[in-house]
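**Student:** Sharing a model prediction with you, sequence too.
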Amino acid sequence: MDAPLHFRTATEVSALLARREVSSVEITRAVIERTRAVEDRVRAFTARDEQRALAQAAASDARRAADRTLGPLDGVPVSVKDVLASEGEPLTCSSRMLANFVSPYDATAIARLKAAGAVLWGRLNMDEFAMGSSTENSAFHTTANPWDLDRIPGGSSGGSAAALAAGESIVTLGSDTGGSIRQPAALCGVSGLKPTYGRVSRYGLVAFASSLDQVGPLGRCVDDLGLLLGAISGHDERDSTSVRVPVPDFNVEAAARLAQHRERPLRIGLPKEYFGEGLDPEIRAAIEHAIAFYRAQGCDVREVSLPHTQYAIATYYIIATAEASSNLARYDGIRYGHRSTNISDAIDIYAQSRAEGFGAEVKRRIILGTYVLSSGYYDAYYLRAQKVRTLIRRDFLQAFEQVDALLTPTSPIPAFRKGEKSADPLAMYLADIFTISTNLAGLPGLSIPCGFTAGGLPIGLQLLGRPFEESTLLALAKSYEQSHDWHLRRPSL
Amino acid sequence: MSSVVQNPSSTDFEAVIGLEVHVQLRTRSKMFTRVPTGFGEPPNTLTDPVILGLPGALPVMNREALDKIITTGLLLGCTIAPVCKWDRKNYFYPDSPKNYQISQYDQPICVGGSVEIELPGPSRNIMGAHRQVQLTRIHLEEDVGKLNHFAADSLVDYNRAGTPLMEIVTEPDLHSADEVFAFLTALRTALVAAGISECDMEKGQLRCDANISVRPVGATKLGTKVELKNLNSISGVRDGVAYEIKRQTAAVRRGESIIQETRRFDPEVGSSTSMRSKEMAHDYRYFPDPDLMPVKVDEAWLARLRALVPELPFDKQRRFFEQYQLPYTITSVLVPDRALSDWFEQAVGGMPARAQAVGNWIANDLLRELAAAGQTLADCRIKPAHIAGLVAAVESGVISSSIAKEVFVEMFATGDAADVIIERKGLKQSTDTGELEKWCAEAIAANPRSVADFKSGNEKAINAFKGGIMKASKGKANPKLVDEILRRLLSA
């Protein structure tokens, strides 16, 4: 029996629309209905505008009726993390600071989705300003993991992953600064891809850490990642860190990589530093099954070393917080955003507005970042962290001289209970231990479902690749997905 | 260590001055976005998400601005950095939309260099001494917005925010208010001539802060410096610096110590007041801007700009002395105005042997007529070649220099060439000896006393006839021929 419409993949929906077996309004209505049914338990969204989405769907159907469709995404509902600017829609970053802010312009990734005819459905919850690994740092509400409503969905793109697992959207966008796409994807049993730094324009992505942030897709199958990535990628003259590299049809290129693999098997590296203590035994077992699968597929799987891995967390929290302290300075209550009414002088506009507008984790990182950039500490912290960052990137590039991809767990632990780590920021930071190095090195990475714990919680498998080799990762992920059905399992809601 | 000053009141003091000059670059669009630059538009109309620092907006470098600052560096003999690197200067202020300013901290695009200045000469018409004032660095940054304070609140206008702004920092290499005046004048002249900036201080396109200290002559250690702000005209800078040197010298003579502070000069009152005592310990937390990739400035880029670097005004002045033998007074009118000196060179091309005459017409008559008509050179109907034609007409004796004045006025009014006007108005100088002899004979007959004076040896008496002859001929009589004929007739 076919899955209900709201659980179809974007690839399937695109085909249904092309064959005119379903209209965009029908599919959009299906996700709206599903969201109405489950959202009070999942709470994946910060804002929803049903009429706006249905109007876009109707416009898409009109284009199709006139044979003027804009491509494979035309009419497909896409939900977006509330960190990407979309003209006329709220842009809150799940922060009290921007609770009433409506963006007057489109992010480049959003403009490209609109140009592709996608139906924008809602704004997705996140950790405030993308800082966190559980979505508990949202100023509005915590999103539940659809597999266990008492547990967190991961973060910071928790809404983007939970909405997919719950059938509230077809495909979503998130952002990944240290694992914020891959970790929630793993914890919610969906797939997510962090592109190479520079692959997708950051224009209109509210900055957390500019040198680490990247927009990427989450989906219920690997093909959806390639489909959505293709739509948002490419050089943008508004972002000087976006790179001029050709944008392939990722799924076509991935298929070609798989065909090549049959001639000359892909080589997979297992970074030994990622398989040490602290790795949940059920996750280790699931990953070992996946390794066995790839060996059986003829892959050359071997151990590699990333010797500077132990410094990654410290390096990341220096660079990311330094950039954040400066990036978040613009939220001051002067031009837009929250302004305190408890003001007695000019300084209070800043001090009180920011004290009231930002949550604890955001303040913690701003203070940390301010400290590491301070006169007298810059060389010891920021400058040194940049040097270690170079060493971490070099580790990866040396490993990629021997192998085509790295395979690791996405998260050392499955979804934890709400509140379990809230009091211990360091324990929370360790949830990203397998994902943050990728951002420091600027590499592409993806997570796909690879099993469940005995308690029924999803487990994610991470694949990391060379710069701009997303297609190789998609090829490996696709070959795994074709032989497993983890991605087809749905939580009972 | 500096020498111990026993009796400050009997010691001579010298001032040590360094300047920080901010110059807005003349570019079509802002430093990091495509919004146009401008002045006087309705508040907050020259903005976009980047200028307003909206969530998610990103800067992208304006290459035209980088071209202009590199050209400035080449013009002033700076070393150009191989890479243009951007840093963030973090501080909170309402005129700064992002609460950080994109600037250049440890790797300015231009290092070193100098500005040639001319000190006041013994009089206006005599050239003063020249010297080079050393620069520390020139870097590029974005301008901030403007605060307007009202009784109950303050409003911010971000039109100026993001305008490309060049900061020129001098070494502590200036020693008097006159030198500071000369420096700013020379800098402005050079930058305007090169099309870098219009340097209009009233529009805030050139702004200057001065760091001033005094010390006993011969001391090597610098005195405590005071930063002087709010200097909004070049003469205001001169007056402010002069006041501050006087104030500090008097204080030291009284045995007081100078407080390190920032002072505001009020040009109306002619004195300064303290803005804040002791520089607040600002920590700008500079770090490389992760939104902007460093830009490589390669040899091809430099070569392209080097080919377009114009001549420095003082170099042009020296060339005008040598090539055209122009006097100082004329060069000091022509050279500071790039358009005017270009105009002169076009005009002189048609009459290279009489460059000084061409220069005189332009520096005196043309500028006077333009001023009287309220016009600029761009409105002028006279073409440069017409000046050469006028000079040629005088030179070849077709018209006298007094008729030339009349011809010039007609040229200015109509835009016609000199020979056309001479022909049309019949102004050609008379060389018809029959006619001249008749006028001369009449003049002699009318002035028997002058005839007697001349014959008794008073050479100057001959001039008495000439006025009448010029009147009779309506100025067309050739003075040289008239003189010859008169002498012949009188000695007959």
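**Tutor:** That came through, no problem.
**Student:** Tell me how many other residues surround B:Val42.
**Tutor:** For residue B:42 the amino acid is Pro, not Val. 8 (other C-beta atoms under 10 Å in any protein chain shown). Quick note: C-beta positions are derived from backbone N, CA and C, even for glycine.
**Student:** and what of A:Ala399?
**Tutor:** 18.
**Student:** Pretty sure it sits in a helix.
**Tutor:** Yes: judged by DSSP: H, G, I helix; E, B strand; the rest coil, A:Ala399 forms part of a helix.
**Student:** you'd agree it is up against A:Pro307?
**Tutor:** No: applying C-beta atoms under 8 Å as the test, A:Ala399 and A:Pro307 come out as separate, 10.1 Å apart.
**Student:** Which residues outside stretch B:364-384 are in contact with it?
**Tutor:** For stretch B:364-384, contacts defined as C-beta atoms under 8 Å, 6 or more residues apart in numbering or on different chains pick out B:333, B:337, B:339-340, B:343-344, B:346-347, B:349-350, B:387, B:405, B:408-409, B:411-415, B:417.
**Student:** So which of the residues you listed are in helices?
**Tutor:** For those, the ones inside helices are B:333, B:339-340, B:343-344, B:346-347, B:387, B:405, B:408-409, B:411-414, with DSSP state H as the criterion.
**Student:** Show residues contacting the lowest-mean-pLDDT helix or strand in chain A.
**Tutor:** Ranked by mean pLDDT, DSSP states H and E, the weakest helix or strand in chain A is helix A:425-429, scoring a mean of 80. Contact with helix A:425-429 is made by A:Gly132, A:Ser133, A:Ser134, A:Ile313, A:Tyr317, A:Glu361, A:Arg364, A:Lys421, A:Ser422, as judged by C-beta under 8 Å, 6+ apart.
**Student:** ok, and the closest non-adjacent residue to B:Val241?
**Tutor:** If you skip the residues right next to it in sequence, B:Val241 has B:Ala177 as its closest partner in space, 4.3 Å away by C-beta to C-beta, 6 or more residues apart in numbering or on different chains.
**Student:** gap between that neighbour and B:Arg424?
**Tutor:** The spacing between B:Ala177 and B:Arg424, counted by C-beta to C-beta, to the nearest Å, is 55 Å.
**Student:** the more surrounded of the two?
**Tutor:** Neighbour count, other C-beta under 10 Å: between B:Ala177 and B:Arg424, B:Ala177 has more, with 23 against 11.
**Student:** residue contacts, that one?
**Tutor:** B:Arg238, B:Asp239, B:Val241, B:Ala242, B:Ile245 are the contacts of B:Ala177 under C-beta under 8 Å, 6+ apart.
**Student:** top of those residues by neighbour count?
**Tutor:** Per-residue neighbour counts (other C-beta under 10 Å) across the contacts of B:Ala177 peak at B:Val241, which has 26 neighbours.
**Student:** rewinding a little: quick check: pLDDT value at the residue nearest to B:Val241.
**Tutor:** With respect to pLDDT, B:Ala177 scores 96.
**Student:** what residues are up against residue 147?
**Tutor:** By default, I'm working from chain A. Contact analysis of A:Trp147 by C-beta under 8 Å, 6+ apart lists A:Ala165, A:Cys188, A:Gly189, A:Ala415, A:Gly456, A:Leu457, A:Pro458, A:Pro491.
**Student:** switch to chain B, that's the one I care about
**Tutor:** Contacts of B:Leu147 by C-beta under 8 Å, 6+ apart are B:Pro94, B:Asp95, B:Ser154, B:Leu155, B:Val156.
**Student:** Distance check, it against chain A.
**Tutor:** Remark: distance between B:Leu147 and chain A (C-beta to the nearest C-beta, to the nearest Å) = 10 Å.
**Student:** Keeping just the C-alphas, turn the strand or helix carrying that residue into CSV.
**Tutor:** Secondary structure assigned from DSSP states H and E places B:Leu147 in strand B:146-149. C-alpha atoms of strand B:146-149 as CSV (Å, rounded to 0.1, in the frame of the first residue of the first chain):
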residue,chain,number,x,y,z
LYS,B,146,24.7,60.3,11.0
LEU,B,147,23.0,61.1,14.3
ASN,B,148,20.7,64.0,14.5
HIS,B,149,19.9,65.1,18.1
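**Student:** Which of the contacts of A:Trp147 are buried, as a ChimeraX select command?
**Tutor:** Selection of buried members from the contacts of A:Trp147 for ChimeraX, criterion 16 or more other C-beta atoms under 10 Å in any protein chain shown:
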select /A:165,188,189,415,457,458,491
